[in-house]
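# next one to model:
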Amino acid sequence: MILATTNGAQDAAAHGRIEAGKRESQGMENIPGKAFARARPVNAARTAPRPFVLTAEARIDIPDMPLLPGAWLQSAIAAETRVMTPQGPKPAGQLQIDDVVLTIDKGALPLHWIGKRAVSPKQMAEMPEIGPVTVPRNALAGGSPRMDIRLSPLAGLLLTLPGGPENGVLIEAREMIGLLGIKAAPARAVTYVQLMTEEHALIAVDGLAVETLHANALHPLPGNSRQRAEVLARFPDLEHGLDLYGPEIRLRAERRR
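The predicted model follows:
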C-alpha cells in the first residue's frame, strides 16, 4: 500500500457524535495491502448529462433516453439509504435544505444544497457505468453497513487500509466491486441524492461513512451548468474559485490496475 499526500487534503482528527459509525466503516483487514495504489484527487467527469425536469414534488423526472456520467454522479447515495441526523436515521430522499446531519469529524452540520437524479433500468442497461453499487449488510468490519445499501459508483467510502493513514482514506464505490461481496446492483430504478454541507464532511449512511459532495466536482463544463448554478447560488464565494470551498476531508486511494 503506497499513499501520497493529496494537495488540500485534511488529515482531520476523528471526533463527533457518531464514533461507533466511524469504527464500523473503517475495517478492511481482509483486503490485500497491495490492492490499492496512490492517493489522488477526484476529477469531475467531463461528459454532459441529458436534460431533466424538476417536478412539483422536488423529484427529478428524466426522459427515458441514454445518460452520460457527469458531476451528478459524484458522491451520491440512493434515496432510500438512511443518513444519521440528530433525530435518528432518515432516508436521504426525504432530507431538505437546512436539515441537519451528523458528521464523523465535524459534529452536526446543516445541508446547504441537495441534488437528485433519477435513473431508469433502460438507461442503466445502455450505460452500465451509471448504475449503483451495492454494499451488502455487514460487509465491512464492525458490521457495517447495517443493511444492504446502494451508492453511486463515484461515492467515496471511508475505509482503513493496511499501511494507510490511521484515519482512513476515501475510495470510490466502483473500486470495491468484487471485494467483500460488493457488486454492481441489479438494473432497477434508482434516484441518486447528493448532499452538500458548508465544508467537505463524512456522514453515516446506515453505519457506513460516506463523503458529502465536494465543490471540486463542479468544473464549468456545459454538462455541469445547471448543477453548478444551483450550488453557486448557495455558495456565492465559489464564483471566485472552487478551491475556496476548502480541503477534502481525507486522502483518496484507487485500486491498482
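# contact partners for residue 92?
By Cβ atoms under 8 Å, 6 or more residues apart in numbering, residue 92 lies in contact with 77, 78, 79, 80, 81, 82, 83, 193, 195, 205. (C-beta placed from N, C-alpha, C; glycine too.)
# how about those, which pair is most distant?
Between any two of the contacts of residue 92, the greatest separation by Cβ to Cβ is 14.3 Å, found for 80 and 195.
# and the two? which has more neighbours close in?
residue 195 (26 against 16; other Cβ atoms under 10 Å).
# that one touches residue 101, doesn't it?
Yes: Residue 195 is in contact with residue 101 according to Cβ atoms under 8 Å; the separation is 6.9 Å.
# quickly list what's touching both of these two.
83, 95, 111, 203.
# which ones are touching the third one?
To tie it back to what came earlier, the one meant is residue 111. Going by Cβ under 8 Å, 6+ apart, residue 111 touches 95, 96, 97, 98, 99, 100, 101, 195, 196, 197.
# what does the last one give?
Counting by Cβ under 8 Å, 6+ apart, residue 203 makes contact with 83, 84, 101, 102, 103, 104, 195, 209, 210, 211, 212.
# would you turn the residues you listed into CSV with secondary structure, pLDDT and distance to residue 135?
Below are these laid out as CSV (DSSP: H, G, I helix; E, B strand; the rest coil; pLDDT from 0 to 100; distance: Cβ to Cβ, whole Å):
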residue, secondary structure, pLDDT, distance to residue 135
83, strand, 98, 15
84, strand, 98, 16
101, strand, 99, 19
102, strand, 98, 20
103, strand, 98, 19
104, coil, 94, 17
195, strand, 98, 17
209, strand, 97, 12
210, strand, 98, 10
211, strand, 98, 14
212, coil, 98, 17
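# turn those residues into CSV, columns for distance to residue 232.
Listed next are the contacts of residue 203 as CSV, based on distance: Cβ to Cβ, whole Å:
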residue, distance to residue 232
83, 24
84, 28
101, 22
102, 26
103, 23
104, 27
195, 17
209, 28
210, 24
211, 20
212, 17
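# and which of the residues you listed is nearest to residue 155?
Once Cβ to Cβ is applied, the member of the contacts of residue 203 that ends up nearest residue 155 is residue 210, at 5.7 Å.
# which residues does the closest one contact?
Residue 210 neighbours (Cβ under 8 Å, 6+ apart): 75, 77, 151, 155, 156, 157, 158, 202, 203, 204.
# now with 7 Å?
77, 151, 155, 156, 157, 202, 203 (Cβ atoms under 7 Å, 6 or more residues apart in numbering).
# among the residues you listed, which are in helices?
Judged by DSSP state H, those include no members of helices.
# what about residue 89, neighbour count?
15.
# I misspoke; the intended subject was residue 253.
Counted with other Cβ under 10 Å, the neighbours of residue 253 add up to 28.
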